[in-house]
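Undergrad: requesting a structural model of the entry that follows:
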Amino acid sequence: MAKCCLGNIVILPLLELTQKQASKLALVSQGLHKSNAFGKDIQGAQAAINHLSYIQIDSISVIQRAHHHCLWSRVKNYQIDFIEQLIAQKQIFEYWSHAAAYLPIQDYRFSLPKKQAIAAGERHWRDKNPIAEKRVLQRIQQEGPLRTKDFERDSTKKGSGWWDWKPDKVALEQLFIEGELMVAERRGFQKVYDLTERVLPTGIDTTIPSAKEFERYLINSYLRANGFANAQHISYLRKGIKSHITQTCQEMLENGELQQVSLGDHVYYALPNLTDLLKQSVNRNQVNILSPFDNAVIQRKRLSEIFGFDYQIECYVPPIKRQYGYFSLPLLWGTEFVGRMDTKIDRKTHILHVQNLHLETAKVDDFIEVLQPALKAFMYFNHGIEIQLHKVTSNQPLGQNKEADIKQRLQTL
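TA: Numbers count the residues shown, from 1 in each chain. Have a look, this model is predicted:
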């Protein structure tokens with residue numbers, strides 16, 4: 001690719017992407033283009049987190065939780081205890097990305113600007129409570145790691161949800177988000193808090209990055225994991241940073257550290273290795289059953305721009321307004337999103353209930369054939385032994401016979 005030089009400025013020419021190229025780049029960067037792009041076992045899980053820069057944590061558990069689901073989609077032989085092992089080995093840590101997340105320990109210093117801002121008075125969720133914070137900090141200093149349940153609730157009040165947390169829980173979270181505490185482990189799904197100096201491994205860089213360093217970190221890590229993006233994508237759910245990201249991207253573009261690509265009317269930034277990524281192949285017969293919180297789909301507008309797939313998680317939508325189901329999962333076939341599937345595991349009977357399989361492809365028979373092994377693997381991942389498919393819908397009329405055929409093929413794996 002020829003470079004354009006203007007004085008000391010080196011600018012790579014604009015690369016016009018086709019829809020297929022854009023989809024491919026996004027999926028190759030995410031490690032969803034083939035099986036085991038990051039390797040297998042716990043080493044593969046660590047490599048995936050390092051490459052993606054975060055894995056979102058979510059509490060919804062109608063199937064395996066999102067952080068496990070995201071890694072299972074990318075890592076052969078993934079086991080749900082890998083995350084706790086990596087926490088114990090001090091390879092990853094829990095903090096806030098655009099949401100609660102597991103992050104690579106080598107990126108720890110880039111969590112410090114947020115911690116510093118919160119400690120200086122920026123509000124996270126609730127107002128500070130110095131008395132409660134002092135109380136819980138003293139107990140952890142003296143007693144060691146503690147959970148929320150180790151602090152008694154005010155017996156005169158009855159809790160009514162996360163918005164009505166007891167003061168000590170608010171204090172624990174405040175100290176965690178400020179950086180005084182870290183999550184040493186989780187028991188069940190409960191955080192166990194300890195002093196940061198007792199959790200953080202020795203030798204970790206704890207120097208606070210400059211604003212420019214932080215911006216470059218966000219840009220490089222986002223583009224590594226996603227292939228290409230604009231400033232809005234990179235600054236997703238981060239307040240007051242978009243204009244700074246735009247300026248730093250432009251500086252990096254002029255320095256030859258970035259290039260620009262276009263998709264239709266949209267112009268994006270990318271790393272200079274884009275051509276190498278385009279040379280990689282995509283397994284056209286691979287089906288990925290993705291989490292609604294998967295890194296590849298979490299930014300819904302970007303998902304629509306690149307793949308033409310309009311997706312909304314409906315667990316937050318009133319039941320009467322749901323179109324596809326409470327927890328419908330995006331279905332990726334090769335480089336195309338071809339449907340969504342609302343699922344729930346019954347942990348007593350070990351039946352994986354597919355409440356609704358919604359198809360958005362004209363190649364129904366071909367897709368069902370490649371969906372079969374993916375669905376079977378997904379069932380086992382959720383500790384299921386049987387599948388019950390309750391409803392099949394489609395953008396195109398299926399007919400009773402076709403729906404019955406699909407049910408038979410997917411329920412007798």
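
Undergrad: I'd like the next helix or strand past the longest helix along the chain.
TA: Determined from DSSP state H, the single longest helix within the chain is helix 364-381. Counting by DSSP states H and E, the element after helix 364-381 in chain order, helix or strand, is strand 386-389.

Undergrad: remind me what that next one packs against, helices and strands.
TA: Secondary-structure packing of strand 386-389 (3 or more Cβ pairs under 8 Å, 6 or more residues apart in numbering; DSSP states H and E): strand 351-359, helix 364-381, helix 400-411. In this view, the C-beta of every residue, glycine as well, is placed from N, C-alpha and C.

Undergrad: partners of that strand, with directions?
TA: Applying DSSP bridges, strand 386-389 is found paired with strand 351-359 (parallel).

Undergrad: buried residues in the longest helix of the chain?
TA: 364, 367-368, 370-371, 374-375, 378-379, 381 (16 or more other Cβ atoms under 10 Å).

Undergrad: out of the helices and strands packed on strand 386-389, nearest to His69?
TA: helix 364-381 (8.0 Å; Cβ to Cβ).

Undergrad: for Lys169, give its distance to Ile177.
TA: Note on Lys169: its distance to Ile177, by Cβ to Cβ, to the nearest Å, is 13 Å.

Undergrad: same check on Leu375?
TA: Leu375 is 39 Å from Ile177, by Cβ to Cβ.

Undergrad: got it, and Leu200?
TA: 16 Å.

Undergrad: so if I had to pick from the two, which one is more boxed in?
TA: Ile177 (20 against 17; other Cβ atoms under 10 Å).

Undergrad: element containing the more buried one?
TA: helix 167-178.

Undergrad: and that helix, what does it pack against?
TA: helix 112-119, helix 130-143, strand 181-187, strand 190-195.

Undergrad: for the ones you listed, which one sits closest to Thr246?
TA: Short answer: helix 112-119, nearest of the helices and strands packed on helix 167-178 by Cβ to Cβ, at 18.3 Å.

Undergrad: phi and psi next, for Ala22.
TA: phi -60, psi -40 (degrees, to the nearest 10).

Undergrad: surely it touches Ser262?
TA: No. The criterion here is Cβ atoms under 8 Å, and Ala22 misses it with Ser262 at 9.5 Å.

Undergrad: of these two, who's got more company?
TA: Ala22 (22 against 14).

Undergrad: could you list every residue that touches that one?
TA: Applying Cβ atoms under 8 Å, 6 or more residues apart in numbering to Ala22 gives the contacts 228, 263, 306.

Undergrad: touching, the first one and Tyr269? I think so.
TA: Yes. Under the criterion of Cβ under 8 Å, Phe228 makes contact with Tyr269 at 6.6 Å.

Undergrad: so which of those two has more stuff around it?
TA: Per other Cβ under 10 Å, whichever of Phe228 and Tyr269 has more neighbours is Phe228, with 29 against 24.

Undergrad: quick one, what contacts the more buried one?
TA: Going by Cβ under 8 Å, 6+ apart, the list of residues near Phe228 reads 17, 22, 25-26, 261, 268-270, 274.
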